[in-house]
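K.L.:
Fold the stuff below for me.
(chains A and B)
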Amino acid sequence: MKFSIYRFNPDVDKKPYMQDYDVLLEDSDQMLLDALLRIKDLDDSLSLRKSCREGVCGSDSMNINGKNGLACITKLSDLEEPVVLRPMPGLPVIRDLVVDMTQFFENYNSVKPYLVNNDPAPEIERLQSPEDRAKLDGLYECILCGACTTSCPSFWWNPDKFVGPAGLMQAYRFMVDSRDQALDERLENLEEPDRLYRCHNIMNCVEVCPKKLNPNAAIANIKDLKFEQARESKLKDKKKIEIKAI
Amino acid sequence: MLLELLTKRYPGMRAWLTQRLTGLVMAIYSVLALLRFFILQPESYEAWLSFFQPIWWRIASLLFWLALSLHAWLGIRDVFKDYVPNYGLQMVLQKILLALLWIYLAWAGWLMLA
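P.N.:
Below is the predicted model:
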């Protein structure tokens, strides 16, 4: 099977280049990652990240024939030859298919992706009703592979400002968690014009997500919450005025 | 509540919502304009003049231009933010855009109300 793979070793190469490989695969080689490991047997200078090899860790995300995805769950039979493999766009390349994800994780961390609850910790876990728990479905499954965020032009142009689909979906995941107490702070954290509103709904994130999640819907839901927040703050202001009048 | 979201307290939402609301104004005006166009069928210069005669239509047209200017300002400013990484040049382009939009708006105002 034929492959064309992006190569760049900053210690040796002045600029990146594409290297062609023609590899003989075995019957057991079903996924793209199998083929990549086969190539690595032939040329151990090729660098890539991988870990769980079953679409759970998100390490081997890369650009496959122009579309971001995970090598370990991409079937070889679905790919057109030559299979063109590049690192995920929009992030600095460390070497070959390995990118520096610092900016991605900085953006993710900026939304405080953890529960904020100031009540004393109970003896047992903080319970949720099945309905409240169901609100997290389609959100908590994100594996932070970065496929969505690095497919997003808004992130390419403003990586230090726009949080990106993965980070925003996690922001929403904690906003709707019934155990969280920081909804207002979370919404205010995204109010800076470029953090949330750079999303123009082009849906690249939805198209590439290897877990079939919908960051775009989460972003729209954050805007809905914003509306609710404004309504409630107006009600609160009204109450304050009424109290003052009394 | 909508007015609340258009205040400085919500800078991100303000721009986003303004773009949606101005889009709505333009959509409504466009439908009305097409309807009037098909009903009145202004085929001569005089007919075209009388098309813009009613004061309510002039005000609606001015409202359309105002919406268009705001919409264009927000949209093109975003394009500059994306594609012009040099901040100084970005500011110069924004000022040129702003000046142009003000000129167009004043021109529309003059045409509609003079």
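
K.L.:
Residue ranges in chain A under the pLDDT threshold?
P.N.:
A:234-246 (pLDDT under 70).

K.L.:
how is it carved up into domains?
P.N.:
Following automatic domain parsing, chain A resolves into domains at A:2-99, A:102-245.

K.L.:
and the shortest one, is it in reach of chain B?
P.N.:
So that's domain A:2-99. No - against chain B, domain A:2-99 shows no contacts by C-beta under 8 Å from any C-beta of the partner chain, the least distance being 12.7 Å. (Glycine included, C-beta is placed from N, CA and C.)

K.L.:
Output the domains of chain A as a markdown table; include the columns mean neighbour count.
P.N.:
Below are the domains of chain A laid out as a markdown table (neighbours: other C-beta atoms under 10 Å in any protein chain shown):
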| stretch | mean neighbour count |
| --- | --- |
| domain A:2-99 | 16 |
| domain A:102-245 | 17 |
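
K.L.:
Contacts for the helix or strand where A:Met169 lies next, please.
P.N.:
Assigned by DSSP states H and E, A:Met169 belongs to helix A:165-175. Helix A:165-175 is contacted by residues A:104, A:107-108, A:110-116, A:136, A:139-140, A:142, A:144, A:146, A:148-149, A:152, A:155, A:163, A:180, A:182-183, A:186-187, A:189-190, A:196, A:199, A:205, A:213, A:215-216, A:218-219, A:221-222, A:225 when judged by C-beta atoms under 8 Å, 6 or more residues apart in numbering or on different chains.

K.L.:
Out of those, which are close to chain B?
P.N.:
Contacts with chain B within these, counted by C-beta under 8 Å from any C-beta: A:190, A:196.

K.L.:
tell me the centre residue of the chain?
P.N.:
Unless you meant another one, I'm taking chain A. When C-alpha atoms, centre = their mean is applied to chain A, the residue found nearest the centroid is A:Ala166 (3.3 Å).

K.L.:
actually chain B
P.N.:
B:Leu68 (1.6 Å).

K.L.:
Contacts only, for the closest residue to it other than its chain neighbours.
P.N.:
Leaving aside its chain neighbours, B:Leu68 sits nearest to B:Met26 (6.1 Å; criterion: C-beta to C-beta, 6 or more residues apart in numbering or on different chains). Contact analysis of B:Met26 by C-beta under 8 Å, 6+ apart lists B:64, B:67-68, B:71.

K.L.:
Report the buried residues of the helix or strand where B:Met26 lies.
P.N.:
According to DSSP H and E, B:Met26 maps onto helix B:11-40. Buried positions in helix B:11-40, judged by neighbour count with 16 or more other C-beta atoms under 10 Å in any protein chain shown: B:12-19, B:22, B:25-26, B:29, B:36.

K.L.:
I'd like those residues as TSV, with distance to B:Ala47 and pLDDT appended.
P.N.:
Below are those laid out as TSV (distance: C-beta to C-beta, whole Å; pLDDT from 0 to 100):
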residue	distance to B:Ala47	pLDDT
B:Gly12	46	85
B:Met13	44	87
B:Arg14	41	89
B:Ala15	40	90
B:Trp16	40	90
B:Leu17	38	91
B:Thr18	35	93
B:Gln19	35	93
B:Thr22	29	96
B:Val25	26	97
B:Met26	24	97
B:Tyr29	20	97
B:Arg36	12	94
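
K.L.:
What is the neighbour count of the spatially closest residue to B:Val84 that is not a sequence neighbour?
P.N.:
Of all residues not flanking B:Val84 in the chain, B:Gln90 sits nearest, at 4.4 Å (C-beta to C-beta, 6+ apart). B:Gln90: 16 surrounding residues under other C-beta atoms under 10 Å in any protein chain shown.

K.L.:
now B:Ala72
P.N.:
Neighbours of B:Ala72 (other C-beta under 10 Å): 16.

K.L.:
So which residue of chain B lies furthest out from the middle?
P.N.:
B:Asn86 (27.4 Å).

K.L.:
Tell me how far that one lies from B:Phe80.
P.N.:
10 Å (C-beta to C-beta, to the nearest Å).
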